[in-house]
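Trainee: kindly generate the corresponding structure for this input.
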Amino acid sequence: MKQGKTPFKYWIAALFTGLILASFSQRAMASTDIALVAHPAVPIDNLSFPEARKIFLGNRQYWSEDLRITLLIRAPVARERDIMLKTFYQMSEAQFRQYWISKIFRAEVTAGPKVVFSSEMALELVILIPGSITFVDAAQIPKGLKLIKIDGRLPGENGYPLH
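Mentor: Just a heads-up that it's a prediction; the model follows:
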């Protein structure tokens, strides 16, 4: 081998390694994103960020005249809850609790979000409860649930807001 020339096989190996790493980092990014999933009967596939925030703040309570929105929220200390508090609610845990207590006290809602203790529980309930919506790690979405886009983007795509 002459000095200063890299054999073709090393270029191919470097290119292949780069493609593997790029694929891995894209999958890793997608798995760190939080996905909004809903019951299949929910008549919406895409929400703008402000619309989604309005739903999770309890300011919109119906998908349609006969389909009530049921919020399924992870219990405190869950990573998904922390991301939602920071991104959608823009509140601390204490502010979040006070927010829902005040909404119920003022009769703006009949009940607060349903607390779920695991992603598995959230996914089971979203399948069983028509009109329900929840958020889970994007890597955990089973088939049969509706994945809701935010501003036309899915988890793992550039510009997706929940990570």
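Trainee: which residue ranges of the chain form strands?
Mentor: 34-38, 46-47, 62-64, 67-68, 70-74, 114-116, 132-137, 146-150 (DSSP state E).
Trainee: same question for the last one: list its buried residues.
Mentor: It refers to strand 146-150. K146, I148, K149, I150 (16 or more other CB atoms under 10 Å). All C-beta spots, glycine's among them, are computed from the backbone N, C-alpha and C.
Trainee: tell me what the third one is bridged to.
Mentor: Applying DSSP bridges to K149 yields these beta-bridge partners: N46.
Trainee: excluding sequence neighbours, find me the nearest residue to R74.
Mentor: R81 (4.2 Å; CB to CB, 6 or more residues apart in numbering).
Trainee: so what's T110 up against?
Mentor: I104 (CB atoms under 8 Å, 6 or more residues apart in numbering).
Trainee: end to end on stretch 99-112, go ahead and measure it.
Mentor: Length of stretch 99-112, first residue to last, CA to CA, to the nearest Å: 10 Å.
Trainee: let me fix that: stretch 104-112
Mentor: 7 Å.
Trainee: let me see the mean pLDDT of that stretch.
Mentor: For stretch 104-112, mean pLDDT rounds to 94.
Trainee: got it, and stretch 140-156?
Mentor: Mean pLDDT, computed over stretch 140-156, is 92.
Trainee: same deal with stretch 70-87?
Mentor: For stretch 70-87, the per-residue pLDDT averages 94.
Trainee: CA atoms only: put stretch 124-144 into PDB for me.
Mentor: As requested, the backbone C-alpha atoms of stretch 124-144 are provided in PDB (Å, rounded to 0.1, in the frame of the first residue of the first chain):
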ATOM      1  CA  GLU A 124     -54.600  -0.800  27.700                       C
ATOM      2  CA  LEU A 125     -57.000   2.000  28.800                       C
ATOM      3  CA  VAL A 126     -56.800   4.000  25.600                       C
ATOM      4  CA  ILE A 127     -57.800   0.900  23.700                       C
ATOM      5  CA  LEU A 128     -60.800   0.300  26.000                       C
ATOM      6  CA  ILE A 129     -62.100   3.900  26.500                       C
ATOM      7  CA  PRO A 130     -63.600   5.600  23.400                       C
ATOM      8  CA  GLY A 131     -62.400   9.200  23.100                       C
ATOM      9  CA  SER A 132     -59.300   8.700  25.200                       C
ATOM     10  CA  ILE A 133     -55.900  10.100  24.500                       C
ATOM     11  CA  THR A 134     -52.600   9.600  26.200                       C
ATOM     12  CA  PHE A 135     -48.900  10.000  25.700                       C
ATOM     13  CA  VAL A 136     -46.300   7.300  25.800                       C
ATOM     14  CA  ASP A 137     -42.700   6.700  24.800                       C
ATOM     15  CA  ALA A 138     -42.800   6.500  21.000                       C
ATOM     16  CA  ALA A 139     -41.000   3.200  21.000                       C
ATOM     17  CA  GLN A 140     -44.000   1.600  22.800                       C
ATOM     18  CA  ILE A 141     -46.900   2.200  20.500                       C
ATOM     19  CA  PRO A 142     -48.700  -1.100  19.600                       C
ATOM     20  CA  LYS A 143     -50.700  -1.600  16.400                       C
ATOM     21  CA  GLY A 144     -54.400  -0.700  16.600                       C
END
